[in-house]
Every structure is written in structure tokens, then in C-alpha cells.
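>>> how would this look folded up:
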Amino acid sequence: MKFTVLTGERAVTPYIERVQASADSEKYALGFIPASAYPQAAASGKLLVAVSESSTGRQFAGHILFGGTYPHVRVFQVYVAPQHRRKKVASLLVQYLIRDAEDKGYLSVSARVATDLVPANSFYEHEGFIVMGSKPGGSSRARTLNIRVRELDTPRLFESRPDSATLSFAGIPSAAFPAVPSYIIDVNVFLDLMKERVNAEEVRRLISASWTRAVDVFVSEEFVEELRRAADPSRRDPVVDFASALPRLPLVPKTVIEPTITALGPIVFPGRAGRDALSQRDISDLTHIATAIHHGISGFVTGEKAILKHAPDLRQNFGIDVVGTVEFSAMAAPADYKSAEDLRAGTGGDDLAISELLEEHRAGARSFLESLKVPESIIVHALSPGAQPLPRRRMEVRLSSSDDFVGYASWEAATRFRTRTEAYVFVDEDHPDARAIAAHLFRELAQDASSSGPCLIVLKVPEGHIIARAAAVEAGFGSPDPVHSAFHELWKVAIGGVVTAGNWDKVGSQLKALTGLELAPRMPEFDGAKTPIVFGDPGGKQVSLGLMDAERLLGPTVFLLPGRTGTLVPIRRQYADHLFSGAIQLSLLPRKQAALFTERAYFRSPDRSKDFGVGTPLVFYESRGQGGRGCAFASAVVTTNRVVWAETLSDRVLLKGVLEREALSKMSKSGLISMLKFDNSFTLRKSLGLARLRALNAIDAANLVGPRRLDSDTLAALFSEAGALAL
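Okay, here's the model as predicted:
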């Protein structure tokens, strides 16, 4: 006998009465659903009907009723007619739903199954639905429900949802997983530390970074020999002893290295004719560099100005990166990070305390992760503090009244050398604010991970964490192709700054190294929010994304295309505190939820709306009044600009803003108000006061009391001054 699955309103409508009667006949197992729900489900494509095909015609064999919101599906009912049971009809329905959901880019399918329904639990187990937890059934029978989840083949990297433009490619190339870079240090760098000279602290950071494998630091055999030549041969020198314990590259035979030394001489010491004009110290310096070149070392760290002066020539001729001690220390260590404590109002009747993980809370974090059935191997890694100068970032979200954990995230600190970081984000999936909590943690993660430059973030999320994965997709994460990870990794590239015509090529090179994707050779002119950003994939195919799609997927970032203007927006401190994280002072009272959301709302009177067109970069200026800082401090991009009736705004929209209905009514004109939504927000690395903004021509001599348009050049200068440029 053949079974067929019917889809679509026209095909399933003739069977609705039978579906309802069948479901009502087994209310204990399937639960009660009102009669009106079935035609609605049929109309929305969320009712599938299985029929048997025979010579006598079609007969109803079963149905599956489902719902949910993108990117996860929830099964409400699976029913099979008694005469067709044990014929894999239920499996046919579930597998059809899974395949359809995968084709549409969904992440998971879930079902809630009472623990006393043993056959049903066995069925879902067989279909690959794992138990992620349990909760009360909410009925007079006091049943317990197993929360079962089946992960799907998730969207590929740079894919967001079925109706959006995507970038597909054959997979992340090996360049995304670079070997640890290796550098040779010069003798003078080492002596800075040993003799407590001016750069001693930078050298300490350098050595610490090498011991945490952020970078490999070596010395050459010549390095040790140079110290021995300068030491007193009559007594033991602890400096030489310590230097001898450093990792050393093997000695290169003189006949092999001499040609390289000869070629280096005219470049490093151009004013000296021949080798006879070089001192023993000069030859030693050249030997260090030649050793690094011979062994394929990434670079050479030195304090010698004569060598640093010719760094571009050495890079061009020999492919070796010559850097100074201070610069190298900054590259090897992550940017400073301090997550400000935050207290946010929660919709579940309890407030949310957000901060870096306190060590005394570590046991509570472990219990929280164990309750989510996180594998022990992940728990150990996620809770690890790391080591200086590369500590692991760890963030906790707790209920302020009970101290119970409802969220936790951790990730490796990224540096200019470490352009790939592994991260974990977990939330209590039953908490009403779970999606907002996850969105906040992802935003913190992306901004910090990319603080030293473009970074590939590898998110390791075990099966079943539906809301965390959905929030990740919303934040621009996707799956590599093919998926090989047992933990269903999601990946994201975060550029971490503003891209201009000046750094377009550098950002493009870094993006290619991380993903294999190439930006078009030239930055396009701005032509609205949907200006195409063209990428070339590893297969040679060109794909374009709309400007705002590209910014979301690669954010935090702004592509400041030539001709793209922005708006400087004054905002009062009490509103800035609620809309953004990291206020200058922690309020004693919980602030509104707004800053937790990926997309936030900003309301103003319905005038000058042309200054806030969709795709417009905003720079927020916190006014001085009421204790404000008097500086530009954050940026975002407008996603929605509509004039709406104030009384029609939903509670959900109001949660994303900071004003109550009464205040909106007072602000409105004839009942109308301008509703702006923005996302892709990030904090400027350096805030800019009124004087600097005037010097940049961002404002005139008057105080900033209303929005101010910024042309493309002024906006670029402002972002540069604020340290917001990528790379």
C-alpha cells in the first residue's frame, strides 16, 4: 500500500473534519486544540495529511499539526489512524516535515511529549529527537513533559533565512585556521626586560603571550652567542643562563646563510660599502634576520631604529614582518575589555543582573550548564578562566532576586594574531527573556572578538539549544558547508569596525584569509540601503548582498561607501542609559530591556524624517544635561523609519524603546510619532567631546540640540578620530 503526504490548503481542507475528530478521540495523548485551529493551520500550510492510495481511492491515514516561528518548528500533534499503525506513517509525516524545514533553512524541530506516553517517546527517540529537559504539563493530571529536539542541517555560512540573499561557497579554507605565527626577538628586546628598561612591560606581555601560544617567540643561536660575547667569561652570567633556556632555532651553516646576509646588508645598512664596513653588531643583527628568513619565521621583533626604518623593504624583498617591541606587544595581547555591570528589567517579574563571571559564582554557572545537559567537556572549557595576557571572557546573567543563572557566555580573547575564537552561549530556554538575553550576549561576543580586527567566531552549541541558535542566526551566524562538528558549530565573521575606501583592500585581504570570500576590487558608490556589495566565492562565482544584509552578517561594521551620509543624534543621558549597555554609572534601579535586543527603537516627533532614512548610520551624542557625558559615544544603522499612530504601538515594540505610552502621546503631533529602529550598534573606542566634533566640522558653533546631517567625508573623519575603523 502506498502512502502520500498532502500539503497546501486546497489538498488538506477536505480532511479537516476527520483530522479534528481523530485528534479529539485521543485528547489525553494529543492534548486539546480548538476546532478553529485546524482550518487556520491548513490555510497557513501547517497541517500535513497522510493518505493511503489504493484501487478504491484515497483514505485518511494520519496527520501532523505543527507551528513555531522561524528558525524553529514545533510539532503539536502526530496522529495515525488505527488501521494504518505500524506502517511507518508517523515516520513519513515527521520526515516530510523535517525535509521541508531543512529546505527552508530552519534550525530545529521540537516536540513536547508526556513522560507517561512510552510509545510516543520511543517513536521520537527513533526519529532522532533528544531530550533537552522536562517541565510540568500544566494539567490537573500533573504530568511531566519531555522537551524533545531534533537538530536540522542548519543554514550555510552567510545564510540568514529563505527569502534573503546568501553567499554560498565550498567551505572555509585552511587559511581560516592559521598556524600560530612565529617571531624571532632581537637581543635588545631581551635586554629591555632583563635591565628593566623603558619597554620592559611590553616585553613581559610578549613573553606571556608566547607561553599562552598566542604567538611563538624564538631566539636564534646568534642571539645567545652575542650575549656570551658581551658577558664576563670569569663568572656565570644569569642573563646568559636565562637566554639559553629560551626556545632556540637551530644554527644555520655559514655557507647557507651567508648569501642572505650579503643581500640584506645594502637594504638594512645602505650607506655602508661592503661587508668590511659593517661592525660585529651589524653582522649579528643581519644574522638574526637571515636566520628568521631561512626558517620561514613570520617576523623579527627589534628595537633598532635602523632596522625598523627599512621594514617595508624587508617585507617586500624577503616577506618578513619587522616590528617594534611596543607594536608587537599590542598585536600579541587582546584589547582591554571590561564588561560593565548591568541591571535590566525582566518581563518575567524578575530583574536580570549582567556582569563578568565572578569566581564565587563559578559553581552556580556549572550547575546551570549541567541543568541544560551541556556535555562535561564543553563545561570544563567554557568555565576555564584562561591565563594572562589572554584571559577567557566569561559573562553571567542571573536573576537579581534569587541569583539563579539564566544565561552564560564565554569566548577566547582575540588578538591581531589570533583571528579565530571559539565561543559558547547558553540561556535558560524557558525564561521569557531568553531570546533577548542571547541577543545581548552575542552582541557582546561579536564586539569584543573583533576589537583587534576581523575575526572568525566559531560558536559551539550542543543539540537542542533552540533559542540560543535562533538568536545566533539573527546575529549573522551560519553553518559552514559541510557540517562536520559533533557540536553543530555556527560560524560568523565579525569585521569589528567601519570600512572605508581607505581600508577596503586591507579588510578584503583579511576577509579572504578568514573565509575565502573576496570583496570586489573597488568599493562601490552608495546607492541606497540595498547597494550591492559584491563577493567572489572560492569557486569563482560572484554573489552580491544588499548593503544592510552584508553589514548584519559581517557586523559589527559599517560599510561607509562614498556618498553615504549619516546623522549625529543628540540623546539625553536617561535615554542613553536604557538604550545602550555600559553606562558610566550603574543605576541602583533596573534599566529597561531595550539594550538587550538586537534591534532597538528610538521615538521622536515626526519631523525631519529624511535625516533618518533606512540605512543611515547614526552617531549618538550624549548631551551634558542631567549628568550626561557630553560626547559622541556609539553608532548604529537605521533599519526602520515610519510615522505611526502612537496609540497603536504594541507592547513588544515599546520594550525595544525607553518611553512609556504617556510620554509618547505627549511627544506626538496629532497622535502621530516617528518610530526609528536601529541595529548593528557598537560603542566607539574613543568618545568625542563637543570641541573635537567642532574641529571635525561635525557640528557648528551652536550647541547640539537637534539632529545634524554628516556628509560622507565628515562621517569618515569622525569614525577615524573615534578609533572605529576596521584594522
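>>> scan the chain for its longest strand.
For the chain, the strand that runs over the most residues, judged by DSSP state E, is strand 672-689.
>>> any stretches of the stretch 301-450 of the chain with poor pLDDT?
Across the stretch 301-450 of the chain, the ranges flagged by pLDDT under 70 are 330-341, 348-349, 388-389.
>>> what segments of it are strands?
Secondary structure of the stretch 301-450 of the chain, counting by DSSP state E, counting those that start in this stretch: strands at 321-323, 342-344, 352-356, 386-387, 390-399, 405-412, 420-427.
>>> buried set for the fifth one?
Spelled out, that is strand 390-399. The neighbour-count check on strand 390-399 (16 or more other Cβ atoms under 10 Å) flags 390-399 as buried. C-beta: built from backbone N, CA, C; applies to glycine.
>>> can you give me the helices in the stretch 151-300 of the chain?
Under the criterion DSSP state H, counting those that start in this stretch, the stretch 151-300 of the chain contains helices at 187-194, 200-211, 221-230, 238-244, 254-268, 280-294.
>>> redo those helices as CSV? Include distance to Thr325, mean pLDDT and mean neighbour count.
Conversion of these to CSV gives the following (distance: least, Cβ to Cβ, whole Å; pLDDT from 0 to 100; neighbours: other Cβ atoms under 10 Å):
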stretch, distance to Thr325, mean pLDDT, mean neighbour count
helix 187-194, 5, 77, 20
helix 200-211, 5, 71, 19
helix 221-230, 15, 82, 18
helix 238-244, 17, 82, 14
helix 254-268, 18, 89, 15
helix 280-294, 14, 86, 21
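>>> out of the ones you listed, which is closest to Phe300?
Between Phe300 and those, the shortest gap by Cβ to Cβ is with helix 280-294, which sits at 5.0 Å.
>>> helices or strands up against that closest one?
Under the contact criterion of 3 or more Cβ pairs under 8 Å, 6 or more residues apart in numbering; DSSP states H and E, helix 280-294 touches strand 182-185, helix 221-230, helix 254-268, strand 299-301.
>>> which of these sits closest to Leu456?
Of all the helices and strands packed on helix 280-294, strand 182-185 comes closest under Cβ to Cβ, at 20.5 Å.
>>> could you report the pLDDT at Ala594?
With respect to pLDDT, Ala594 scores 69.
>>> and the one helix or strand Asp713 maps to, how far out from the chain middle?
Assigned by DSSP states H and E, Asp713 belongs to helix 712-721. In terms of Cα atoms, centre = their mean, to the nearest Å, the centre of helix 712-721 is found 25 Å from the chain centre.
>>> report the buried residues of it.
Judged by neighbour count (16+ other Cβ under 10 Å), helix 712-721 contains these buried residues: 712, 714-719, 721.
>>> among these, which two are most distant?
Once Cβ to Cβ is applied, those give Ser712 and Glu721 as the farthest pair, at 15.1 Å.
>>> per-domain residue ranges of this structure.
As assigned by automatic domain parsing, the chain contains the domains 2-151, 182-332, 342-494, 497-559, 566-721.
>>> a markdown table please, covering those and showing distance to Leu727.
Formatted as a markdown table, the domains of the chain follow (distance: least, Cβ to Cβ, whole Å):
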| stretch | distance to Leu727 |
| --- | --- |
| domain 2-151 | 32 |
| domain 182-332 | 12 |
| domain 342-494 | 5 |
| domain 497-559 | 5 |
| domain 566-721 | 12 |
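>>> just to revisit the earlier point, indicate which one of the helices of the stretch 151-300 of the chain is closest to Gly31.
Of all the helices of the stretch 151-300 of the chain, helix 200-211 comes closest under Cβ to Cβ, at 57.5 Å.
>>> for Arg709, helix, strand, or coil?
Three-state assignment for Arg709 (DSSP: H, G, I helix; E, B strand; the rest coil): strand.
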